[in-house]
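> give me a 3D structure for the following:
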Amino acid sequence: MSTEKLNICLMNDSFPPIIDGVANAVINYANIINQDLGKATVVTPLYPGVEDDYAFEVVRYRSMPITEKLCGYRAGYPFSSRALDKLVGDEYDIIHSHCPFASTMMARVLREKSNIPIVMTYHTKFDIDIKRDIKNEVLANQVIKIVAENISACDEVWTVSRGAGENLRSMGYEGDYVVMENGVDFPKGRADAEDAAELRRYYDIPEDTVLFLFVGRLLWYKGIRLILDALKIIDNKGLNYRMMFVGDGLDRAEIESYVNELHLADKCIFTGAIYDREDLRVYYTAGELFIFPSEYDTNGIVVREAAACGVAAMLINGSCAAEGITNGHTGILTDADPEAIAKNMEFAVTHRAEIHQIGENAMNEIYISWEDSVKHAYERYFVVRERCMSGQTQRREKFFTAELFKTADNLTTAVQQIRKLPGGIRKTGEKFRDGIVDQGLKVKKAWSRSLKKINNKNKLKLPEGFSEEDIKIESSTCTGEKTIGFFSKAENKLMFAELVTSADDIDKFYKKYGIKRKQEKP
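Residues are numbered from 1 along each chain as shown. Here you go, the predicted model:
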């Protein structure tokens, strides 16, 4: 591993007090990078009254509650000039966004200002979330299209599983992606046996009773109805079991109501959310088979958490969570059907020793720690940086959206410069009322100086190894499209190329790098 210390900007729309799998991933990235590898800063929307007490820096930016009722998250304002001003000064090597909404939008503005690459990790099947939260099909499809375009604008895209990558392609994404698995923050090994036994006694679960376990948000689309319908089948057969649901969620009341409807209340336990990670290890260790029939989740960190504690998982064959699982050896794969799930539950009740052995195999073969996962990602950061420096990026930006983010860059930079002006200039209205008319001239001069600073700040440095003599314009023989960029003799192609639709685009390209365009001879 390289000994160079990179400065990484981690962006995500969710972060404590909002807890979800992606927020947990970001916390682990930040902790491990800061402790062992380099420096990491988390950038995330502000929540009222939040206090950040972490070993790494957290930068909060303005947010609004407009989406809180819709999806449980506040909407971040990605064009916060105050936050962007601070981030530009921190001189990052890589921006790593973990969400394709406000985080990636802010990342794109920051890239315009700092000329540093963006890595985007696709964690979740956002198309499912969008269609669930937005009932208008036309509007939902438009939002999905915007998300895909936002992801396409990043320099490299990572997915947490191959299935997640294919889901991303189904949304309209056409670029490449790299599979970068998430890890778990549990150590390998079961929690204390006596603690697990005490937990079973607390919930009145006899030793001869098999305990099935589900850990996660209590939402119907996690496959919970499949679990309950399968439980009803084995319950009718008089099998000895308990089912424990660890977690909370928007559908919990409906789920508990359905449990009562099926007359399974004496067999099902709802613990609520368990936030302490060591306590959660005890819950996993107390279980014997982790039931996770979700076809929504892209990675299934909970499957790896169960494996860390030596607990086998039952998964839907072909789901993202089932990637890397060998049926009957490191897990149990089943069809998404109550009868099929019930058949495997019955096997677990009557073959406890075999189920325990599958759990041991899972612990030894599919477990991956966050330390290993983040170190792998950190090594890839160097590759991304080198590829982008040489013009090798998968970035695909449409002209209109590219111009939008350049405009956002200019506007936020202007606001930053205004804030840096002396307070007296900002309060000229008061001075005019006091009769100091000549202040207007001072304001005009101050604006002139500010605009010069803004223009100078917007100029990018020439890419390493290139000069203005390397600027060339090429035309495609197939499409007729023109592009302008720096011609690399070594690669025999244009680097840092941009689309040319008019003479103004050529002038803008030269101006962006602070170069005066030479007039062509008639």
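> so Asp176 touches Gln394, yeah?
Yes: using C-beta atoms under 8 Å, Asp176 is in contact with Gln394, at 5.1 Å. Placement of C-beta: from N, CA and C, glycine included.
> give me the pLDDT value at the nearest residue in space to Pro338 that is not next to it in sequence.
In space, and not counting its chain neighbours, Pro338 is closest to Asp229: 3.8 Å by C-beta to C-beta, 6 or more residues apart in numbering. Listed pLDDT for Asp229 reads 98.
> the helix or strand Asp229 falls within: how far from the chain's middle?
Asp229 belongs to helix 224-236 when assigned by DSSP states H and E. Between the centre of helix 224-236 and the centre of its chain there are 34 Å (C-alpha atoms, centre = their mean, to the nearest Å).
> just checking: what are the partner strands of the helix or strand that it is followed by?
For helix 224-236, the succeeding helix or strand toward the C-terminus, using DSSP H and E, is strand 241-246. Looking at strand 241-246 with DSSP bridges, its paired strands and their directions are strand 210-215 (parallel), strand 268-272 (parallel).
> pull the contacting residues for Phe486.
Gly391, Leu462, Pro463, Phe466, Asp470, Ile471, Lys472, Leu494, Met495, Phe496 (C-beta atoms under 8 Å, 6 or more residues apart in numbering).
> now with 10 Å?
391, 462-463, 465-472, 494-497, 513 (C-beta atoms under 10 Å, 6 or more residues apart in numbering).
> between those residues, which sits nearest Val143?
Of all the contacts of Phe486, Val143 sits closest to Ala497, with 29.8 Å by C-beta to C-beta.
> does Lys135 count as helix, strand or coil?
coil (DSSP: H, G, I helix; E, B strand; the rest coil).
> for it, give me the pLDDT.
At Lys135, pLDDT is 84.
> now the strands for the stretch 201-350 of the chain?
Using DSSP state E, counting those that start in this stretch, the strands assigned to the stretch 201-350 of the chain run over residues 210-215, 241-246, 268-272, 289-292, 312-316, 332-334.
> to Val374, which of those strands lies closest?
strand 210-215 (22.3 Å).
> and Asp176 and Gln394? which has more neighbours close in?
Just comparing Asp176 and Gln394: by other C-beta atoms under 10 Å the higher neighbour count belongs to Gln394, 16 against 9.
> pLDDT weak spots in the stretch 351-500 of the chain?
397-460, 475-481, 491 (pLDDT under 70).
> which residues of it fall in strands?
Taking DSSP E, counting those that start in this stretch as the test, the strands found in the stretch 351-500 of the chain are 471-475, 482-488, 493-500.
> which positions within the last one qualify as buried?
By neighbour count with 16 or more other C-beta atoms under 10 Å, strand 493-500 contains the buried residues Leu494, Met495, Phe496, Ala497, Glu498, Val500.
> quick one: the first one from Phe486, how far?
For Leu494, the distance to Phe486 under the criterion C-beta to C-beta, to the nearest Å works out to 7 Å.
> any residues in contact with both of these two?
Gly391, Asp470, Ile471, Lys472.
> which stretches of the stretch 1-150 of the chain have low pLDDT?
Scanning the stretch 1-150 of the chain for pLDDT under 70 picks out 1.
> and with 50 instead?
Across the stretch 1-150 of the chain, nothing is flagged by pLDDT under 50.
> CA atoms of the helix holding Asp229 as CSV?
Taking Å, rounded to 0.1, in the frame of the first residue of the first chain, the C-alpha atoms of helix 224-236 are listed here in CSV:
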residue,chain,number,x,y,z
ILE,A,224,-41.2,-9.5,5.6
ARG,A,225,-44.5,-10.7,4.3
LEU,A,226,-42.7,-13.8,2.9
ILE,A,227,-41.3,-14.5,6.3
LEU,A,228,-44.6,-14.3,8.1
ASP,A,229,-46.5,-16.4,5.5
ALA,A,230,-43.8,-19.0,5.7
LEU,A,231,-44.0,-19.0,9.5
LYS,A,232,-47.7,-19.6,9.4
ILE,A,233,-47.0,-22.7,7.3
ILE,A,234,-44.5,-24.2,9.8
ASP,A,235,-46.7,-23.1,12.7
ASN,A,236,-49.6,-25.1,11.3
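> which single one of the contacts of Phe486 is nearest to Ala265?
Gly391 (62.5 Å).
> chain neighbours aside, what residue packs nearest to the closest one?
Met495 (3.0 Å).
> gap between the one you found and Lys489?
Counting by C-beta to C-beta, the gap from Met495 to Lys489 is 11 Å.
> hang on, isn't Asn115 packed against Lys461?
Yes: using C-beta atoms under 10 Å, Asn115 is in contact with Lys461, at 7.4 Å.
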